[in-house]
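**Student:** Here is a sequence together with a model predicted from it:
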Amino acid sequence: MSASPGPHRFDAKTLAGLGGPSWLARRRLLAFDAFASAPLPTSAEEDWRYGRIDELDLAEYAPFEFVPGTAHQRPLGKVRDLSSELAAPTGATTSAATRFLDRLGDLSGLLVAIDGRVVSFGLSEQAESAGVRLCPLAGEAVPPLSLGARLSEQQETFGLLAEAFLSDGALVEVPRGVVLSAPIVLVHLLSENSAGRAVFPRNLIQIGESAAASVVEFLAGGDERQLVVPVSEITLGDDAQMDHLSAQQLGRRAVHLGYQASEVARSARLRTFTATFGGGYARQFSRTALTGEGADSRLFSVYLGAGNQLEEFRTFQEHVAARTRSELVFKGAVADQARSVYTGLIRMHKGAKRADASQTNRNLVLSDEAHAYSVPNLDIQENDVRCSHASAVGPVDPEQRFYLESRGVPAEVAERLILLGFFEDLIARSPHPGFANHLRALVTERLIPPGARDE
């Protein structure tokens, strides 16, 4: 299979039949024109050379059409009861989402989408009375002003594809000065009906001046063959604070090509924490622009690859204004024949005086056939700045294993303990304890066979 420009179902005829509000149809058409005029990427390009883009054949997938009237606003407790509310996702997918929500505890809001289409959403009384908005994008009479603004800066082929065939998405708006004590959660599930489909989950998040909120994204699917292109756009006003957490638990037959774009204004602070465990080929592109003086960004990620998985990450830390700060720490492990790829760039723009940025990527390689690649980069266009980057790729430390074994710990248990410790210092930095507990459970499930968990 290849990504050569052969016949596929992402054409003008399919586009015309999607339906939806008129403003969305116009946006789709503009994005489609740009997508149709751009060649599909290949591994000959630097941005894609480490991945499996040549194995992707768009002719194997078709987008979902827009279905009006599927989204319903309900009391938060009703939205949260996924087992009775949802019939389309597989039982395993619904159960995974339910476990995730249970670990998070109290919520300020919850939106649930299936196959890219919002089906249910609701807010807590506190959030609703404070003027917080949580609703489907396709239900808006006019497009939100910032929709697509961050994405248009990238103009990547699959970002354009996601814009052209967008069905629906989540809109989150936290007004100026509002502080939410519990997170807003956006759940995107893929159903059994999504086999052979392309799904485009979309989130638009806007945190007003001096507001504070946590937004958590959860993306999960079963064993169906899918193309999933999620897009999240985040805008923080002056002095705003936001924690953005996301967990991706797709099946091994899914191709995941994700985008996250953030803009952080003056004295605002953004913390992002991503966890990637699924997808046969999972690629995440993220760009954080620190555009206001004193803006602060912390980017954390954990990922695990096994079997034949390929986990790929491309990050951009853009320091546009003075006295900005960013910290990036990504940790991963690969086993069997899995691969991971990290490529990161810190860019210090002219005018970013006294900015401070760091980038750290560490990888454990757990088998002879597994591989991890780490490529950090710096682009410094200003004086009086601080930049640092570090990367490491290697097996489990034999001295640590020997230390445990010399104290009577069996070899296989010793390695598991070392792996859990490798991730724990980063997981402990999760802004939400329930999210951290979820990550610990997932790491344990992946690293420890069921029969060995009581050892």
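**Tutor:** Yep, it's here.

**Student:** Could you use CA atoms for every contact and neighbour count after this?
**Tutor:** Will do.

**Student:** which residues of the chain score low on pLDDT?
**Tutor:** Applying pLDDT under 70 to the chain picks out residues 1-8, 68-69, 83-90, 152-155, 448-455.

**Student:** Return the backbone torsion pair for residue 309.
**Tutor:** Dihedral angles phi and psi of residue 309 (degrees, to the nearest 10) take the values phi -70, psi 150.

**Student:** Actually, residue 228.
**Tutor:** Here the main-chain torsion angles of residue 228 (degrees, to the nearest 10) amount to phi -120, psi 120.

**Student:** can you pull the contacts of it?
**Tutor:** Contact partners of residue 228, counting by CA atoms under 8 Å, 6 or more residues apart in numbering, are 198-201, 254-258.

**Student:** could these go into a markdown table alongside neighbour count and distance to residue 79?
**Tutor:** Compiled in a markdown table, the contacts of residue 228 are given as follows (neighbours: other CA atoms under 10 Å; distance: CA to CA, whole Å):
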| residue | neighbour count | distance to residue 79 |
| --- | --- | --- |
| 198 | 25 | 25 |
| 199 | 26 | 22 |
| 200 | 29 | 22 |
| 201 | 28 | 18 |
| 254 | 23 | 27 |
| 255 | 24 | 28 |
| 256 | 24 | 26 |
| 257 | 22 | 28 |
| 258 | 21 | 26 |
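
**Student:** Tell me the one of those nearest residue 117?
**Tutor:** Nearest to residue 117, judged by CA to CA, of those is residue 201 at 7.9 Å.

**Student:** contacting residues around the closest one?
**Tutor:** By CA under 8 Å, 6+ apart, the contact set of residue 201 is 115-117, 166, 168-169, 188, 228-231.

**Student:** re earlier: tell me which of the contacts of residue 228 fall in strands.
**Tutor:** 198-199, 254-258 (DSSP state E).

**Student:** what's the closest of those residues to residue 279?
**Tutor:** For those, the residue nearest residue 279 by CA to CA is residue 254; the value is 4.8 Å.

**Student:** right, and that closest one touches residue 224 too?
**Tutor:** Yes - taking CA atoms under 8 Å as the contact criterion, residue 254 and residue 224 are neighbours in contact, 7.0 Å apart.

**Student:** center of this protein - which residue?
**Tutor:** Nearest to the mean C-alpha position of the chain, by CA atoms, centre = their mean, lies residue 246 at 5.4 Å.

**Student:** Does that one have any beta-bridge partners, and if so which?
**Tutor:** residue 217, residue 274 (DSSP bridges).

**Student:** wait, doesn't it sit right on residue 284?
**Tutor:** No - counting by CA under 8 Å, residue 284 is not a contact partner of residue 246; they are 11.7 Å apart.

**Student:** residue ranges for the helices of the stretch 151-300 of the chain, please.
**Tutor:** With DSSP state H, counting those that start in this stretch, the ranges of helices along the stretch 151-300 of the chain come out as 157-164.

**Student:** for it, what spans make up the strands?
**Tutor:** If you assign secondary structure with DSSP state E, counting those that start in this stretch, the strands in the stretch 151-300 of the chain sit at 170-174, 184-189, 197-199, 202-207, 212-220, 226-228, 231-236, 241-249, 254-264, 269-276, 281-290, 296-305.

**Student:** how much space between the closest residue to residue 166 other than its chain neighbours and residue 232?
**Tutor:** Excluding its sequence neighbours, the residue lying closest to residue 166 (CA to CA, 6 or more residues apart in numbering) is residue 200, at 6.0 Å. Distance from residue 200 to residue 232, counting by CA to CA, to the nearest Å: 11 Å.
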